[in-house]
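# got a predicted structure here, sequence first:
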Amino acid sequence: MAKKPLSPAKVMELGTGFFGSKTLLSAIELGLFTELAKGARTAEDLTARLGLHPRSARDFFDALVALGMLKRTGTRYANTPETALFLDRAKPSYVGGILEMCNARLYHFWGSLTDGLRSGRPQNEVKTGGDFFGTLYSDPQRLEGFLKAMTGLSIGSGRAIAKKFPWKKYKTFADVGCAQGGVAVEIALAHKHLTGLGMDLPVVRPVFESYAETKGLAKRLRFHTGNFFNDPLPNVDVIIMGHILHDWNLDEKRMLLRKAYEALPPNGAVIVHEALIDDVRKENAFGLLMSLNMLIETPGGFDFTGADCRTWMKEAGFKKTKVERLAGPDGMVIGYK
């Protein structure tokens with residue numbers, strides 16, 4: 001049988017992948033999916049409502065159809081089930097907040113990836129003397145938007161952790177670096193016997209407490225003020241660190257796991273959940289790309305494999321470790337004391 005001739009199609013599709021990415025990000029920025037949540041629209045109607053020039057508006061909408069982000073029936077455009085659920089700003093399931101941040105910040109900074117690979121230094125606001133997170137945490141309104149975006153990113157993993165971890169054996173937990181509290185809320189909703197803490201910086205408190213209250217969990221979920229570098233971790237049965245370790249260098253990762261070990265009782269557990277890179281480092285492209293994003297965003301952060309994390313946990317003293325898949329590219333590593 002003759003070999004199928006090689007084609008550059010896959011190379012070209014990946015090399016021009018930013019065409020499709022920016023088309024989606026612009027649609028989110030324009031509020032297209034939120035507008036279509038009100039009902040199907042013609043191209044002319046959408047063009048007027050979004051304030052677009054007519055020259056390329058139809059190409060824009062049809063490109064989104066071809067990309068699977070919209071559907072078109074006759075002359076009318078509508079959301080797909082996925083974009084209706086996840087990209088309508090009015091829905092609590094909205095995940096566009098993180099994509100808005102990608103559009104406003106990361107799309108530009110990733111243009112300097114080559115510089116980062118050559119220098120090993122971050123390519124974000126730090127290059128021009130700025131401090132994104134310092135500025136973010138000093139602006140309560142922007143911070144609330146960011147923390148809500150983190151909930152959209154982690155809620156699927158939170159539900160999977162609630163289902164897959166043996167919570168019946170435990171009574172208390174703390175989510176370290178809790179943000180709005182998306183993961184803590186999903187666990188508490190699924191297991192009525194649990195009480196939990198969300199640990200984060202003081203400015204996060206009102207956002208966490210408001211979210212817990214709207215979910216009917218104000219009595220079972222409390223906020224614990226603290227800096228996980230400078231302060232001891234809470235003494236609870238289970239400590240959760242979600243999308244935390246990848247921000248830091250190897251020594252800092254090991255230090256945080258040691259602090260978790262010291263705070264836990266015998267038979268307690270730590271749960272680390274991230275976009276874990278597969279152990280052979282060739283399958284979970286998202287995890288590997290997220291690690292490159294840590295180059296863009298942090299002085300020493302990087303993502304890691306489940307095997308890496310299990311090694312660090314054992315070094316910290318945990319007697320038993322295991323890896324489990326969660327939602328999408330995410331996975332969790334569990335360490336038992």
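Yes, it's here. Residues are numbered from 1 along each chain as shown.
# what helices and strands are in contact with the helix or strand of the chain with the lowest mean pLDDT?
None of the helices or strands of the chain scores lower by mean pLDDT, DSSP states H and E than helix 132-137, at a mean of 78. Here helix 132-137 touches helix 140-164, going by 3 or more C-beta pairs under 8 Å, 6 or more residues apart in numbering; DSSP states H and E. Bear in mind the C-beta positions are built from the backbone N, C-alpha and C, glycine included.
# what does the helix it packs on rub up against?
86, 93-98, 100-101, 135-137, 179-187, 189-191, 203-204, 206-207, 211, 240, 242-243, 271, 273, 324, 326-328, 330, 332 (C-beta atoms under 8 Å, 6 or more residues apart in numbering).
# can you list the weak-confidence ranges in the stretch 1-150 of the chain?
For the stretch 1-150 of the chain, the stretches with pLDDT under 70 are 1.
# residue ranges of the strands in it, please?
For the stretch 1-150 of the chain, applying DSSP state E, counting those that start in this stretch gives strands covering 41-42, 70-73, 76-79.
# what is the burial count for residue 71?
Neighbours of residue 71 under the rule other C-beta atoms under 10 Å: 16.
# what about it, distance to residue 19?
Residue 71 is 20 Å from residue 19, where distance means C-beta to C-beta, to the nearest Å.
# what do you get for residue 199?
41 Å.
# the more surrounded of the two?
Taking other C-beta under 10 Å, residue 199 and residue 19 do not tie; residue 199 has more neighbours (25 against 11).
# before we move on, which element is the more buried one in?
strand 195-200 (DSSP states H and E).
# and the angle for the helix or strand following that strand with strand 195-200?
Downstream of strand 195-200, the first helix or strand assigned by DSSP H and E is helix 205-214. Interaxial angle of helix 205-214 relative to strand 195-200 (axes from the mean of the first three to the mean of the last three C-alpha atoms, to 10 degrees): 150 degrees.
# show me what contacts the nearest residue to residue 195 once chain neighbours are set aside?
Setting aside the residues directly before and after it, residue 195 is nearest to residue 220 in space (C-beta to C-beta, 6 or more residues apart in numbering), at 5.0 Å. Residue 220 makes contacts with 188, 194-196, as judged by C-beta under 8 Å, 6+ apart.
# now for those residues: which two are most distant?
Spanning the widest gap among those are 188 and 195, at 7.9 Å by C-beta to C-beta.
# neighbouring strands for the helix or strand hosting residue 335, and are they parallel or not?
Assessed by DSSP H and E, residue 335 sits inside strand 331-336. Here strand 331-336 has these sheet partners by DSSP bridges: strand 269-274 (antiparallel), strand 320-325 (antiparallel).
# any idea how far the first one is from the chain center?
Read it as strand 269-274. The gap between where strand 269-274 is centred and where its chain is centred comes out at 15 Å by C-alpha atoms, centre = their mean, to the nearest Å.
# in it, what counts as buried?
For strand 269-274, a neighbour-count test (16 or more other C-beta atoms under 10 Å) marks 269-274 as buried.
# alpha carbons only: can I get that strand in PDB?
C-alpha atoms of strand 269-274 as PDB (Å, rounded to 0.1, in the frame of the first residue of the first chain):
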ATOM      1  CA  ALA A 269      -4.300  14.700  53.200                       C
ATOM      2  CA  VAL A 270      -3.200  17.400  50.800                       C
ATOM      3  CA  ILE A 271      -4.800  17.800  47.300                       C
ATOM      4  CA  VAL A 272      -2.800  19.600  44.600                       C
ATOM      5  CA  HIS A 273      -4.800  20.200  41.400                       C
ATOM      6  CA  GLU A 274      -3.300  21.700  38.300                       C
END
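# gap between the following helix or strand past it and the chain center?
Using DSSP H and E, the helix or strand that follows strand 269-274 towards the C-terminus is helix 285-297. A distance of 12 Å separates the centroid of the chain from that of helix 285-297, by C-alpha atoms, centre = their mean.
# which other residues reach the following helix or strand past helix 285-297?
Counting by DSSP H and E, the element after helix 285-297 in chain order, helix or strand, is helix 306-316. Applying C-beta under 8 Å, 6+ apart, the contact partners of helix 306-316 are 245, 253-254, 257-258, 260-261, 270, 272, 276, 279, 321-323, 331, 333, 335.
# just the buried residues from the residues you listed, in PyMOL please.
Here is the PyMOL selection string for the buried members of the contacts of helix 306-316, based on 16+ other C-beta under 10 Å:
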select buried, resi 245+253+254+257+260+261+270+272+276+321+323+331+333+335
